[in-house]
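# just to be clear, the model below is a prediction. Sequence and coordinates:
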Amino acid sequence: MSILHDLEAIIHNRKTADPKSSWTAKLLAKGPEKCAEKFGEEAIEAIIEAVKGDQAKLASEGADALYHFLVMLAARDVSLDDVLAELTRRQSMSGLDEKASRSKG
Ligand SMILES: N=c1c2ncn([C@@H]3O[C@H](COP(=O)(O)OP(=O)(O)OP(=O)(O)O)[C@@H](O)[C@H]3O)c2ncn1[C@@H]1O[C@H](COP(=O)(O)O)[C@@H](O)[C@H]1O
């Protein structure tokens, strides 16, 4: 299990936790729109560090953005595996494209 799957499982448990007991539970209790808004803010903070070129701060803001991405998915009952399956599907499609262009060439 990856760290992202571990974090997803923790976030899932927070969906039914007392909002007073954790930051994640409090954010989820505010609803999917607020979770999406927070993801947007954290993504912008990562963009700012990417533009500035500070690698350590980009890694840190990237971690914030990934955490808030998982919270946003959980708020809408979309799993990390749903996202990974889409990436796998796209990779297999591009694999087919590569095979087709090799057989033409
Ligand atoms: N990875 C994270 C993580 N990344 C960022 N954050 C929180 O996200 C918040 C975002 O920062 P902001 O400056 O926007 O927070 P803020 O100013 O308090 O937010 P607003 O009230 O202004 O919206 C901070 O409070 C961070 O602590 C996280 N909170 C929790 N986790 C992980 O989530 C799991 C569950 O944590 P709890 O919710 O604490 O149980 C644990 O494994 C944690 O490691």
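Arrived safely. All of these numbers come straight from a predicted model, not from anything done at the bench. Residues are numbered from 1 along each chain as shown.
# what is the rounded mean pLDDT of the helix or strand hosting D6?
For D6, the host element (DSSP states H and E) is helix 3-14. Per-region confidence: helix 3-14 scores 98 on mean pLDDT.
# how far does whichever strand or helix holds E61 sit from its chain's centre?
Applying DSSP H and E as the criterion places E61 in helix 55-75. Distance of helix 55-75 from the chain centroid (CA atoms, centre = their mean, to the nearest Å) equals 7 Å.
# is it up against the ligand anywhere?
Yes - if you take CB under 6 Å from any ligand atom as the test, helix 55-75 does meet the ligand, through D64, Y67. For every residue, glycine as well, the C-beta is placed using N, CA and C.
# what parts of the chain come near the ligand?
Proximity of the chain to the ligand, by CB under 6 Å from any ligand atom, involves residues L7, I10, R14, S22, W23, T24, D64, Y67.
# if we use 5 Å, what do you get?
Remark: the part of the chain in contact with the ligand comprises I10, S22, W23, T24, D64, Y67, using CB under 5 Å from any ligand atom.
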